[in-house]
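Chemist: Could you work out the structure for the sequence below:
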Amino acid sequence: MRIHAIAALLGLALAGPAHAKDMSGRFGLGVDKPLGFANRNNGGAPADGLVRFPGFSVVYRATPIFGIQLIFATVYDNIDIGPTRLIVTQLAGSLRGNLGLKLTDDVDLGLVFGGGGYLQRQRNGNVSDGTFDIALELGVRPEWFVTEDLSFHTQVGMVFAALDESDSGFSQGGIHVNVFGAADLVGNAGFTFWF
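Modeler: This next block holds a predicted model:
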């Protein structure tokens, strides 16, 4: 295992900078997170207002400075609670644009903007419940091109989440606003393989 890790690190070190001056027309697949959605954890009032789970990301760089990204994430829990079984399914999807500014040959600084939806269905015995929220996000996303085919990034920003009336802790619905707490800094890092 150590030999594989050393070989991988050596490969990255010898690959040299990406010199990714023009990424237009390229597709990328990787792992990323939306900046945030309304939380459904606690069964009561939301803990901190956000769901943080990574998803599968598809990116298309339409021009040298503009790209489109689709993120899809899902979490499924099936838990025994005494005589009943709790089944929770969470789905999140986000569509966003990325305006990129080239800082160096290896680093882009992007402005991400977009929105998405969060759906949760929950069943505890014979009782079913569900909710759907939408969120708008605006953030900053530095991206480092290790090679022309691999990049790492993180992001920080703001989230505006509209909570529906069935949300736990918000009997009349509402709006949740989160600034910088949504990104969770290192926890919001991701990667993209470019083709």
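Chemist: in its sheet, what does the lengthiest strand in the chain sit against?
Modeler: Using DSSP state E to define each element, the chain has its longest strand at strand 127-147. Sheet pairing of strand 127-147 (DSSP bridges) gives strand 107-124 (antiparallel), strand 150-153 (antiparallel), strand 156-163 (antiparallel).
Chemist: Residues in contact with the second one: which ones?
Modeler: Applying CB atoms under 8 Å, 6 or more residues apart in numbering, the contact partners of strand 150-153 are 18, 20, 28, 32, 110, 141-146, 189-194. Placement of C-beta: from N, CA and C, glycine included.
Chemist: which of these are buried?
Modeler: 18, 20, 28, 32, 110, 141, 143-146, 189-192, 194 (16 or more other CB atoms under 10 Å).
Chemist: and which of those residues is nearest residue 125?
Modeler: residue 32 (35.8 Å; CB to CB).
Chemist: how close does residue 62 get to residue 147?
Modeler: Residue 62 sits 22 Å away from residue 147, taking CB to CB, to the nearest Å as the criterion.
Chemist: sorry, that was for residue 34
Modeler: Residue 34 is 26 Å from residue 147, by CB to CB.
Chemist: Next: residue 108.
Modeler: With CB to CB as the criterion, residue 108 and residue 147 are 14 Å apart.
Chemist: Cool, thanks, signing off.
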